[in-house]
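S.K.: sequence? don't have it. structure:
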């Protein structure tokens, strides 16, 4: 029983670290090899690398906030939320696997971006998708982890709600 708990925790932390690692490795490569606002075509004009620094949150929201407010909202608050998330998925043993994996992805992506914000004062974004009608802002691998994790969490919640509880 104890070994199962330890193995579960190791797997959860490995997933979180894997997401952080993928994010930080890709950002490091981009910081070294791509110039600011350079546009490198990966797949025609549809998928490009473009290095930018984002000192705000999602889509640069909060970028113009005063520095103390920005620090609280974009660094301290996420630090507490991510810490609680790790505690939650490590301590609750009855959680569904899809939920655990989803939360692990969100936490890994969140830590990747928080690390940048604390170390560099901004987050390095570099991926851009443009299919005419569908176009994204510039984002990074941490953002991809967060989106995939949220999709897993929403899928878990949908199927949990759709499945009737047995009395």
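M.R.: Noted; the coordinates are in hand. Here the structure is a predicted model, which is why all the values come from computation and not from measurement. Residues are numbered from 1 along each chain as shown.

S.K.: Going by C-alpha atoms from here, please, whenever you check contacts or count neighbours.
M.R.: OK.

S.K.: At which residues are the strands of this protein located?
M.R.: Taking DSSP state E, the strands of the chain run over residues 39-43, 47-54, 123-131, 134-135.

S.K.: Just name the shakiest helix or strand of the chain by mean pLDDT.
M.R.: Across the helices and strands of the chain, the lowest-confidence element by mean pLDDT, DSSP states H and E is helix 67-71, at a mean of 80.

S.K.: which residues does the residue nearest to residue 149 when sequence neighbours are not counted contact?
M.R.: Once flanking residues are discounted, residue 149 sits nearest to residue 102: 3.8 Å by Cα to Cα, 6 or more residues apart in numbering. Under the criterion of Cα atoms under 8 Å, 6 or more residues apart in numbering, the contact partners of residue 102 comprise 148-153.

S.K.: Next one, pLDDT for the most centrally placed residue in the chain please.
M.R.: Among the residues of the chain, residue 109 comes closest to the average C-alpha position under Cα atoms, centre = their mean, at 2.3 Å. The score at residue 109 is 97. That number is its pLDDT.

S.K.: do residue 17 as well
M.R.: Note on residue 17: pLDDT of 97.

S.K.: ok, the residue nearest to it when sequence neighbours are not counted to residue 4 distance?
M.R.: In this structure, residue 17 finds its nearest non-sequential neighbour in residue 108, 6.4 Å apart by Cα to Cα, 6+ apart. Distance from residue 108 to residue 4, counting by Cα to Cα, to the nearest Å: 22 Å.
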